[in-house]
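1. give me a 3D structure for the following:
(one chain, ligands or ions: 2)
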Amino acid sequence: MTFSIHGLAVASGIAIGRAVLVASSRVDVAHYFIGGAQVAAEIDRVRTGRNAVVEEIHRLQANIAHMGPKEAPHELSALLDVHLMLLQDEALIEGVKHWIQDRLYNAEWALTTQLEVIARQFDEMEDEYLRERKVDLEQITEKILRAMRGVASPIAPLPSQMVRKPSQQDLLLDDIVDVPLILVAHDLSPADMLQFKQSVFAGFAIDVGGKTSHTAIVARSLDIPAVVGARLASQLVRQDDWVIVDGDAGVLVVDPSSIVLAEYGFKQRQGELERGRLSRLLRTPAVTMDGQKIELLANIELPEDAAGAINAGAVGVGLFRSEFLFMGRQGRLPNEEEQYRAYRHAVEGMQGLPVTIRTVDVGADKSLDDSIQNNAHLNPALGLRAIRWSLADPAMFVTQLRAILRAAVHGPVNLLIPMLVHASEIRQTFTLIDQARAELDQRGVAYGAVKIGAMIEIPAAALTIKVFLKYFDFLSIGTNDLIQYTLAIDRSDESVAHLYDPLHPAVLQLVALTIAECHAQGKPVSLCGEMAGDATLTRLLLGLGLRSFSMHPAQILAVKQEVLRADTGKLVKWAEQVMADDEPGLRIAEP
Ligand code: PEP
Ligand code: MG
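-> Ligands and ions are numbered 1, 2, ... in the order given. Purely as a prediction, here's the structure:
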């Protein structure tokens, strides 16, 4: 039966495929397609893993047979019996075989997929005792996965290639794997989401998150249709269901009828045609009808993204979110050399165009490691985040600064500091930048000149903009946080997502004020929040005087199209009227 789930539109486009339910705790399990020739070996790996766990339980049973009831209570042997029974259950083994043989999933992926299928059946059981056996099932799966780690796959990918697309050869072996796959999960951290770059997945649907949560931002950067805040999607969708992700409307259609499928197939082709049309603008300079040159820059998360930025026609990187280099490393931070290589890679990848590297911005919804709870009982968005975190650990911060300064030898680099609000923080930051230079001088290591800028993403910073302009060479408006902190709306909380409004008059006033002050003092100002890549807002931002936009590479051409059609002279007055409105959102459609 067809039904739809409404969430928030994150990355536009339509994806049609089969659902792959991935438990949030299992994204670190490798997901890749195997070749037909590896089927037997992969089934064997699971069987060997399972046998190892069965033997371990037999050994334990033999040991506890000699113990008294104090050391080995009856519950323990009953639990081991349950585990043995689950391990020998045909549904587990046959299901795993099916995913490997018919879908060419690698062994770990097949095992966790089947776990999800059976767990769902347990959830639906009436008997509470049986329902609780799901925990045992998860435990034995964990044990099999652990045992399998000792039996390497002959084709296991490197960790950085956790999820790879099927090779042409794989596809020829069995065209069943040609069916697009849609990842459905309850929650994914931004770092988890990043693992899905170059992935097998054609679309994403996630239960939680707001439009500008960092997970959503990374999903958008993958340029694959995605919906977040889809509430119960991971419970309502079943493994292997046919689903449609409508990334424009923020809707997930489950088990679509043939009429619905045909309609979305048509929409999908229209979208592809539109992309084709836009691609003709790739080499066209971004100049408005009245001759204003507009700078269209890229936001990137990883050094390798520089290639995508160049291909999309970006004239530089306006925001390199360096924190992604720090995440998912079990607390071990990248050293100076590792960071230097990463920044240099991005700088060289941009072939002489400027790269704005933002110092680490962890905290709030970006934790370093999923296992590290970010003081969840407090309010992390107002806590030790971004520059506050950096200033609390000067040695870590100076290490990053040295690496960025060294990368500046290889091309133009701008250094961007997030979340500043106090003059004292600004001064401390500059002291540490001087210290980083002095340490490099002492070591005799070369470094380059950098322009230094601040993010304006807290209302207090916008209101005291003159202080910032005394110190900094340029400013960059981070509207994602500026909206969050102005309206007191957690950007990652889908339950208040309807109140997260980029067009609230207070937000527009703070943006306008920042742009106007920068112009008055002849300092460059850019906007690098998600508003910059929203083509429906391009004319308004041009009307407010913005001339530099930084966004996901995939959004550049749609924004450029708006720039080419705009006459900034006419937009200024209109923008003033929009800003003066009680509800500017209602006016925005009018030119
Ligand atoms: C912003 O806040 O607008 C911004 C660009 O930074 P981030 O999304 O990484 O917080
Ligand atoms: Mg921010």
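2. so how far is residue 125 from the spatially most central residue of the chain?
-> Centroid-nearest residue in the chain, with Cα atoms, centre = their mean: residue 218, separated by 2.4 Å. Counting by Cβ to Cβ, to the nearest Å, the separation of residue 218 from residue 125 is 36 Å. From N, CA and C alone the C-beta is placed, and that goes for glycine too.
3. what do you get for residue 224?
-> Distance of residue 224 to residue 125, computed by Cβ to Cβ: 35 Å.
4. more crowded one of these two?
-> Taking other Cβ atoms under 10 Å, residue 224 and residue 125 do not tie; residue 224 has more neighbours (25 against 13).
5. near ligand 2, which residues of the stretch 301-450 of the chain show up?
-> Contact residues (Cβ under 5 Å from the ion) of the stretch 301-450 of the chain with ligand 2: there are none.
6. show me the helices in the stretch 301-450 of the chain, by range?
-> 305-311, 336-349, 387-392, 394-407, 423-443 (DSSP state H, counting those that start in this stretch).
7. now the ones you listed in JSON lines, with mean neighbour count and mean pLDDT?
-> Below are those laid out as JSON lines (neighbours: other Cβ atoms under 10 Å; pLDDT from 0 to 100):
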{"stretch": "helix 305-311", "mean neighbour count": "19", "mean pLDDT": "96"}
{"stretch": "helix 336-349", "mean neighbour count": "20", "mean pLDDT": "98"}
{"stretch": "helix 387-392", "mean neighbour count": "19", "mean pLDDT": "96"}
{"stretch": "helix 394-407", "mean neighbour count": "22", "mean pLDDT": "98"}
{"stretch": "helix 423-443", "mean neighbour count": "15", "mean pLDDT": "98"}
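8. quick one: which of those helices is nearest residue 504?
-> Of all the helices of the stretch 301-450 of the chain, it is helix 387-392 that lies closest to residue 504, at 25.3 Å by Cβ to Cβ.
9. go ahead and measure how far the closest one is from the middle of the chain.
-> Distance of helix 387-392 from the chain centroid (Cα atoms, centre = their mean, to the nearest Å) equals 23 Å.
10. doesn't the residue nearest to the centre of the chain lie inside a helix?
-> Yes: per DSSP: H, G, I helix; E, B strand; the rest coil, residue 218 lies within a helix segment.
11. from residue 450, how far off is it?
-> 26 Å.
12. repeat that for residue 11.
-> In this view, residue 11 and residue 450 are 32 Å apart by Cβ to Cβ.
13. so which of the two has more stuff around it?
-> Each of residue 11 and residue 450 has its neighbours counted (other Cβ under 10 Å); residue 11 has more, 26 against 21.
14. in CSV: the helices of the stretch 301-450 of the chain, plus distance to residue 33.
-> Formatted as CSV, the helices of the stretch 301-450 of the chain follow (distance: least, Cβ to Cβ, whole Å):
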stretch, distance to residue 33
helix 305-311, 23
helix 336-349, 28
helix 387-392, 39
helix 394-407, 36
helix 423-443, 45
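15. okay, and for the stretch 351-500 of the chain, where does confidence drop off?
-> 364, 369-377 (pLDDT under 70).
16. what parts of it come near ligand 1?
-> 361, 457, 478-481 (Cβ under 6 Å from any ligand atom).
17. residue 533 versus the spatially closest residue to residue 231 that is not a sequence neighbour, what's the distance?
-> Leaving out its chain neighbours, the residue that sits closest to residue 231 by Cβ to Cβ, 6 or more residues apart in numbering is residue 207, at 5.7 Å. For residue 207, the distance to residue 533 (Cβ to Cβ) stands at 24 Å.
18. residue 520 too?
-> 27 Å.
19. looking at the two, which one has more neighbours?
-> Neighbours were counted for residue 520 and for residue 533 using other Cβ under 10 Å; residue 533 has more, 24 against 11.
20. how about the residue lying closest to the more buried one once chain neighbours are set aside, what does it touch?
-> In space, not counting the residues next to it along the chain, residue 533 is nearest to residue 551; the distance is 3.0 Å by Cβ to Cβ, 6+ apart. By Cβ atoms under 8 Å, 6 or more residues apart in numbering, residue 551 lies in contact with 296-299, 318, 528, 530, 532-533, 559.
21. got JSON lines for those, with secondary structure and distance to residue 59 too?
-> Formatted as JSON lines, those follow (DSSP: H, G, I helix; E, B strand; the rest coil; distance: Cβ to Cβ, whole Å):
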{"residue": "296", "secondary structure": "strand", "distance to residue 59": "64"}
{"residue": "297", "secondary structure": "strand", "distance to residue 59": "61"}
{"residue": "298", "secondary structure": "strand", "distance to residue 59": "56"}
{"residue": "299", "secondary structure": "strand", "distance to residue 59": "54"}
{"residue": "318", "secondary structure": "strand", "distance to residue 59": "59"}
{"residue": "528", "secondary structure": "coil", "distance to residue 59": "58"}
{"residue": "530", "secondary structure": "helix", "distance to residue 59": "55"}
{"residue": "532", "secondary structure": "helix", "distance to residue 59": "60"}
{"residue": "533", "secondary structure": "helix", "distance to residue 59": "58"}
{"residue": "559", "secondary structure": "helix", "distance to residue 59": "63"}
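22. alright, that wraps it up for me.
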